[in-house]
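Undergrad: Quick one: sequence and predicted model below, then my questions.
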Amino acid sequence: QVQLVESGGGLVQAGGSLRLSCTASGKIFSGNAMGWYRQAPGKLRELVAAIDSSGTTKYADFVKGRFTVSRDPGKNTVHLQMNSLKPEDTAVYYCTIDPRFYAVVNMMVSAWGQGTQVTVSS
């Protein structure tokens, strides 16, 4: 079993910043990829950013230049620095993990955190 715990969500004004963090524990293999997804009310869950164990990243087009994904070396902890936030970034943000980078990028995963709410006011 894998447990994922997200933190750092909240309410921020448009143009502001937030930093999300997620730590994985439990039955985890080395060399995992980790990623962030988000889901707004009435919409499908979508990829925000992913990072593999070597630092290779993948971003959704709508966050390029605004969000940065990173991870603590040697740890199963991933961060998402979100700058220049927009009201359309409002969603529940979920963390995920998998040994395969393509699985994280393509949502072929089974482990999810409980989610953290991000609300951006205009």
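TA: Cool, the structure landed. Numbers count the residues shown, from 1 in each chain.

Undergrad: Let me see the ranges of the strands in this structure.
TA: Counting by DSSP state E, the chain has strands at residues 2-7, 10-13, 18-26, 33-39, 46-51, 57-59, 67-71, 77-82, 91-98, 116-121.

Undergrad: Now do the buried residues in the last one.
TA: Taking 16 or more other CB atoms under 10 Å as the neighbour-count basis, strand 116-121 is seen to contain the buried residues 116, 118, 120. Every C-beta, even on glycine, is put in place using the N, C-alpha and C of the backbone.

Undergrad: now, which of the residues you listed sits nearest residue 8?
TA: Residue 8 lies nearest to residue 116 out of the buried residues of strand 116-121, by CB to CB, at 6.4 Å.

Undergrad: Skipping its backbone neighbours, what lies nearest residue 5 in space?
TA: Distances taken as CB to CB, 6 or more residues apart in numbering place residue 23 nearest to residue 5, at 5.5 Å, with adjacent residues excluded.

Undergrad: quick one: contacts for that neighbour?
TA: Each residue near residue 23 by CB atoms under 8 Å, 6 or more residues apart in numbering is listed here: 4-5, 75-77.

Undergrad: gap between the spatially most central residue of the chain and residue 9?
TA: Nearest to the geometric centre of the chain sits residue 36, at 2.0 Å (CA atoms, centre = their mean). As judged by CB to CB, to the nearest Å, residue 36 and residue 9 stand 11 Å apart.

Undergrad: coming back round to it: I'd like the contacts of residue 23 as CSV, with pLDDT and distance to residue 110 appended.
TA: As requested, those are exported to CSV (pLDDT from 0 to 100; distance: CB to CB, whole Å):
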residue, pLDDT, distance to residue 110
4, 97, 11
5, 96, 17
75, 85, 21
76, 90, 16
77, 95, 20
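
Undergrad: May I see the PyMOL selection of the buried members of those?
TA: Filtering these down to the buried ones (16+ other CB under 10 Å) takes a single PyMOL command:
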select buried, resi 4+76+77
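
Undergrad: State the pLDDT value of the residue nearest to the centre of the chain.
TA: You'll see residue 36 listed with a pLDDT of 98.
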